[in-house]
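Asks: dropping a prediction and its sequence here:
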Amino acid sequence: MKGRMFTGIITNLGKVITKTNQTLTISTTGKFLSKLQKGTSVAVNGACLTVVNVQKKAFTVDLMPETIKRTNILQAELVNLELPATPQSFLSGHLVQGHVDGIGKIEKITSQILKVTTAPNLTQYLIEKGSVSVNGISLTVIEAGKNYFTIGIIPHTFTQTNLHTLKKGGYINIEVDILAKYVKKYCHYSNFVS
């Protein structure tokens, strides 16, 4: 499968109707389904997955063990959906790969703010006013601590994504900004060879 890019701007919601350790079947709108075919990449709660079957009211994607290990995909009931960006796409979020880095635990969620605790190996890539993808949604970091971060939420994002269904104690998928990872690797390598 070729790599795909997303913008983190959620266009549809989907309801998980069946799940196994190998597949996930999601119902969604006919308009979204009309854009899918076997082999299409789609971001499901921020994880880039490949469509293996399209039915009249739903589609099915395969799951790899790594996806199950790193994401909340088997716990999700209502998922955020996004098709890959094209050269004509309006980039109103940030560049999201659909490669979830890990999960975080919700410590607080309202229609205006989300506080998440997660491992320091993820928070090391977060900075104030930087970008982060949460369940596939492009959001801006307000505060980045050693093992937590907070993000602001506007009412439109809260109601048009699965954020309004999340509860304290639940888990969300996190993808840190790819540029931060490259910078860290470059700095580490530069110090090593100096």
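Replies: On my side now, so go ahead.

Asks: show me where this protein has its helices.
Replies: With helices called from DSSP state H, the chain shows them at 30-33, 65-70, 120-123, 155-160, 178-193.

Asks: avg pLDDT for the last one?
Replies: When you say that, I think you mean helix 178-193. Average pLDDT, helix 178-193: 73.

Asks: tell me which of the helices of the chain sits nearest to residue 129.
Replies: helix 178-193 (12.6 Å; C-beta to C-beta). No exception for glycine: its C-beta is placed from N, CA and C like everyone else's.

Asks: could I get the helices of the chain as a markdown table with distance to residue 22?
Replies: Below are these laid out as a markdown table (distance: least, C-beta to C-beta, whole Å):
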| stretch | distance to residue 22 |
| --- | --- |
| helix 30-33 | 21 |
| helix 65-70 | 9 |
| helix 120-123 | 27 |
| helix 155-160 | 30 |
| helix 178-193 | 28 |
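
Asks: possible to save those helices as CSV with distance to residue 13 and mean neighbour count?
Replies: CSV is the format used below for the helices of the chain (distance: least, C-beta to C-beta, whole Å; neighbours: other C-beta atoms under 10 Å):
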stretch, distance to residue 13, mean neighbour count
helix 30-33, 9, 14
helix 65-70, 20, 14
helix 120-123, 25, 15
helix 155-160, 8, 14
helix 178-193, 25, 11
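
Asks: out of the ones you listed, which gets nearest to residue 14?
Replies: Short answer: helix 30-33, nearest of those by C-beta to C-beta, at 7.8 Å.

Asks: please state the offset of the closest one from the chain centre?
Replies: Relative to the centre of its chain, helix 30-33 is centred 20 Å away, using C-alpha atoms, centre = their mean, to the nearest Å.

Asks: likewise for stretch 59-68?
Replies: Distance of stretch 59-68 from the chain centroid (C-alpha atoms, centre = their mean) equals 14 Å.

Asks: can you tell me the distance between the two ends of it?
Replies: 18 Å (C-alpha to C-alpha, to the nearest Å).

Asks: average pLDDT across it?
Replies: 96.

Asks: which outside residues touch that stretch?
Replies: Stretch 59-68 is contacted from outside by 20-26, 28, 33, 36, 42, 44, 47, 49-54, 73-74, 100, using C-beta atoms under 8 Å, 6 or more residues apart in numbering.

Asks: low pLDDT regions in this protein?
Replies: For the chain, residues meeting the criterion pLDDT under 70 lie at 1-3, 86-94, 189-194.

Asks: can you list the domain ranges for it.
Replies: 12-82, 102-193 (automatic domain parsing).

Asks: make TSV out of those and add distance to residue 4.
Replies: Shown next, in TSV, are these (distance: least, C-beta to C-beta, whole Å):
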stretch	distance to residue 4
domain 12-82	4
domain 102-193	12
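
Asks: now for those domains, which one comes closest to residue 6?
Replies: domain 12-82 (4.8 Å).
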